[in-house]
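Novice: Sequence and predicted structure are below.
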Amino acid sequence: MEHLIDIQSISKQDIENIINFAKAFKEGKKESDVKSKTLALMFCENSTRTKCSFEIAGQKLGMNIINFDDTHSSLLKGESLKDTIENLYFIGVNALVIRHTLSGIINNVLRLVKYPVKFVNGGDGTHAHPSQALLDYYTMLEKIGTVENKKITIVGDVSHSRVAKSNIALLSKFNADIHICAPSYLQFENFEAFNVKYHNDVKEAIEGANVVMALRVQNERHEKECYPDSSEYKRLYEIDMELLKKYAANDVILMHPGPANRNIEVSGELLDNQVGKTILEQAQNGVYVRMAILNTLLKGGVYAA
Amino acid sequence: MLLKNAIVINPADNFEGISDIRIENGIITDFSQNLKVKTGEETIDLTGKIITAGLVDMHCHLREPGFNAKETIKTGIASAIEGGYTAICPMANTNPAVDNVTTLIYTKNQAGEQIGFYPICAVTKGLNGEKLVNVSELIANGAAAFSDDGKPVENMRLLREALKYINSHDKIIISHSEDFSLASGGDINEGKISTRLGLKGIPSITESLAVARELEVVRSINGRYHFAHISAKRSIELIRQAKKEGLRVTAETAPHYFTLTEEDIVDYDARYKVNPPLRTKEDLDAVILGLQDGTIDVIATDHAPHTVSEKQKSIQNAPMGISGFETSLGLALTNLVHTGKLSLMETLGKLSYNPAKILNIENQGIIKKGVKANLTVIDLNEEWRVDAKNFKSKCRISPFDGMKLKGRAKMTIINGKIYNIGK
């Protein structure tokens, strides 16, 4: 694995290796191989948990961490991203996590940068968020053992969701039964893009589901002309206790990449209940998964227990 | 000067055969088999080569005035000649726009006499869709046609009146068919690729809706109208039907629409970013069918240069456009002629005679005794590789870079002056 840009470009073995390393880090069975390497965090879009998670992962690995603050950066002075990255490499940066509003920004820059800095996609536009999909997968394995033939339903604003896309890419590799549920105005522009089952009706979508993953509905979007108010979404798609009990599998797990809009896509009651705790465990697992990603990119190797 | 033994293809009268051509003082003075060499006459043996009517590009962008870093009139002309073109029609979307006589004359002076230079003037002042230009004085100073290309004329009342008036002066409007409310800031074709990549899509209805609406305008006044850069299957169906019903419309496509699809876009590479966007295999097949059955009359380059650094920006921030002059003929020969999809005669007709006829350009697109010698010499079978860094155009970046093509121009002859290509 050269870089982590999206799930499509890494193999099943790469994924399994990251999961194994993450487990070892979580259980304290693995030491860092990348102490004193330098990690730069270039977050050009708001982020709380992904940024903190990578930062803590880097700290736990004993790495030096540079926060590349977008508001003061030379990017604002018009320097191209390629030039910035090549400079960072010569300053001593070994790995770079980029979060950006533009889809594919890393794919484009990777073609132009001539030096061997390691790239991690921390979420780009509406393209991919591979570390999130990996930590989601890790959490699913912890909770339900395997995803093969398990019904996994993703509900919410899929059209703008890089999390949904990376999850679909990953879960497809492991033969999960993937269902997507959204109102037409938040659905993917093109159904042929992914080989999954599409639903408008949330009851049908979560019927017998082993995993229900709610996505953040972006309120600001509902102010645009082609969308009804967010209350319209809540009325038909809010995941609450009653809905889960009545339709989903008994041992269903509820996931959310965060940050959740309480009482829009998920009821507050559910978030505060034991069922909602998985969402916090996702955040916790994220640190170990990101340790595994950084360690693997910079050191390589296959985990042997 | 005597050009000997070439296979002459003259789409104007469907002539194909080995013939000699004599050029004196820039004029074709003889055109038949086995011409005798006059004493002291320079002769060029073109055995095995093809001579066709000089290529005419009715749609290109030269960027001057205003955007000289992307291209100048001089570099644009050099690039066109390298591609085998003897006449070009630059669009009006410069800064200032070619919406006034002063700018029009400026561009003509910059061009000089090197190539047939037939500027397309703006339909509306400043290309802002609000007020018709002074049509007759622009025509008096050399306007070949009118277009707000780069933008549609969105006000249908203005378009209708403009078309009536421009047609009454025997000129046409060239339409950039795009509905802006549907295109709204997209980067590539709307479809499974845009969804997967997370890029904003431009649906094909963006084009076909504009075509449908404008056809109704044309119908209502029996106008004469030309559709630029047609890319979508549905647009072609609409134009085919309109032609069948006798509407006086013509249409063009560009080589990228019969060469590439959205599936070719890799790694968010903005070299592939063009407007209209590269579409699906189904659309590409429809473009080829449209070329075959005559729905599409013209292959234009839509040469739309930008600087290399602009085209290396992220696909969302990079400008739309492909450097077209130096690859158009090679792409047409490789993908249409050598694949058997279109005859050499049909292909060359769409590259020379048809555009000259649509724009009523004299001394171009035709091989005939008494007309100016505007000719292109082609090697149909030479295999070559596109090397963008050696383009004469300033836009030395191309989605076709590295592509292996078969067939290219070897000489461009403009008013009797020979430009050897690849030298």
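Specialist: Now that the structure is in, tell me what you want to look at.
Novice: any idea where the helices of the stretch 101-250 of chain A begin and end?
Specialist: Listed in chain order, the helices of the stretch 101-250 of chain A (DSSP state H, counting those that start in this stretch) span A:105-112, A:130-144, A:162-173, A:202-206, A:230-237, A:241-247.
Novice: who wins for proximity to B:Ile188 among the ones you listed?
Specialist: helix A:105-112 (13.3 Å; Cβ to Cβ). C-beta: built from backbone N, CA, C; applies to glycine.
Novice: Give me the residues contacting that closest one.
Specialist: Outside of helix A:105-112, the residues within contact range by Cβ atoms under 8 Å, 6 or more residues apart in numbering or on different chains are A:3, A:5, A:81-82, A:85, A:98, A:100, A:119, A:121, A:124-125, B:267-270, B:312-315.
Novice: so of these, which ones are in strands?
Specialist: Using DSSP state E, the members of the contacts of helix A:105-112 that fall in strands are A:98, A:100, A:119, A:121, A:124.
Novice: so which of the residues you listed comes closest to chain B?
Specialist: Nearest to chain B, judged by Cβ to the nearest Cβ, of those is A:Asp124 at 7.5 Å.
Novice: Which neighbouring residues are in contact with that closest one, exactly?
Specialist: Applying Cβ under 8 Å, 6+ apart to A:Asp124 gives the contacts A:98-106, A:162, B:198.
Novice: now swap in A:Gly301 and tell me
Specialist: Per Cβ under 8 Å, 6+ apart, neighbours of A:Gly301: A:Asp33.
Novice: That one: which element?
Specialist: Following DSSP states H and E, one finds A:Gly301 outside all helices and strands.
Novice: quick one, phi/psi of it?
Specialist: phi 90, psi 160 (degrees, to the nearest 10).
Novice: wait, which of the helices of the stretch 101-250 of chain A is closest to A:Lys51?
Specialist: That would be helix A:130-144 among the helices of the stretch 101-250 of chain A, by Cβ to Cβ, at 11.3 Å.
Novice: are any of the contacts of helix A:105-112 buried, and which?
Specialist: A:3, A:5, A:81-82, A:85, A:98, A:100, A:119, A:121, A:124-125, B:268-270, B:312-315 (16 or more other Cβ atoms under 10 Å in any protein chain shown).
Novice: which residues does A:Val93 contact?
Specialist: Contacts of A:Val93 by Cβ under 8 Å, 6+ apart are A:38-40, A:66, A:117.
Novice: what's the span of stretch A:87-95, first residue to last?
Specialist: Terminal residues of stretch A:87-95 lie 13 Å apart, using Cα to Cα, to the nearest Å.
Novice: quick revisit: mind putting the contacts of A:Asp124 into JSON lines with distance to A:Tyr233?
Specialist: JSON lines is the format used below for the contacts of A:Asp124 (distance: Cβ to Cβ, whole Å):
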{"residue": "A:Ile98", "distance to A:Tyr233": "31"}
{"residue": "A:Arg99", "distance to A:Tyr233": "26"}
{"residue": "A:His100", "distance to A:Tyr233": "27"}
{"residue": "A:Thr101", "distance to A:Tyr233": "23"}
{"residue": "A:Leu102", "distance to A:Tyr233": "26"}
{"residue": "A:Ser103", "distance to A:Tyr233": "24"}
{"residue": "A:Gly104", "distance to A:Tyr233": "28"}
{"residue": "A:Ile105", "distance to A:Tyr233": "29"}
{"residue": "A:Ile106", "distance to A:Tyr233": "31"}
{"residue": "A:Arg162", "distance to A:Tyr233": "20"}
{"residue": "B:Gly198", "distance to A:Tyr233": "21"}
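Novice: Tell me the one of these nearest A:Ala260?
Specialist: Closest approach to A:Ala260 among the contacts of A:Asp124 (Cβ to Cβ): A:Arg162, at 16.8 Å.
Novice: My read is that the closest one contacts B:Arg196, right?
Specialist: No - assessed by Cβ atoms under 8 Å, A:Arg162 is found out of contact with B:Arg196, at 11.3 Å.
Novice: Next, give phi and psi for A:Ile253.
Specialist: For A:Ile253, the backbone dihedrals (degrees, to the nearest 10) come out as phi -110, psi 140.
Novice: And the pLDDT at it?
Specialist: The model reports A:Ile253 with a pLDDT of 97.
Novice: go on, A:Asp229?
Specialist: A:Asp229 is assigned 85 on the pLDDT scale.
Novice: Point to the residue nearest the middle of the chain.
Specialist: Since you didn't name a chain, this refers to chain A. Centrality entry for chain A: nearest residue to the mean C-alpha point is A:Gln132, 2.1 Å, by Cα atoms, centre = their mean.
Novice: Actually, chain B is the one I wanted.
Specialist: B:Ala300 (2.1 Å).
Novice: Might you report the residue contacts of it?
Specialist: B:57-60, B:228-229, B:252-254, B:355.
Novice: just to revisit the earlier point, wait, which of the contacts of A:Asp124 is closest to B:Gly191?
Specialist: The shortest approach to B:Gly191 among the contacts of A:Asp124 belongs to B:Gly198, at 13.1 Å (Cβ to Cβ).
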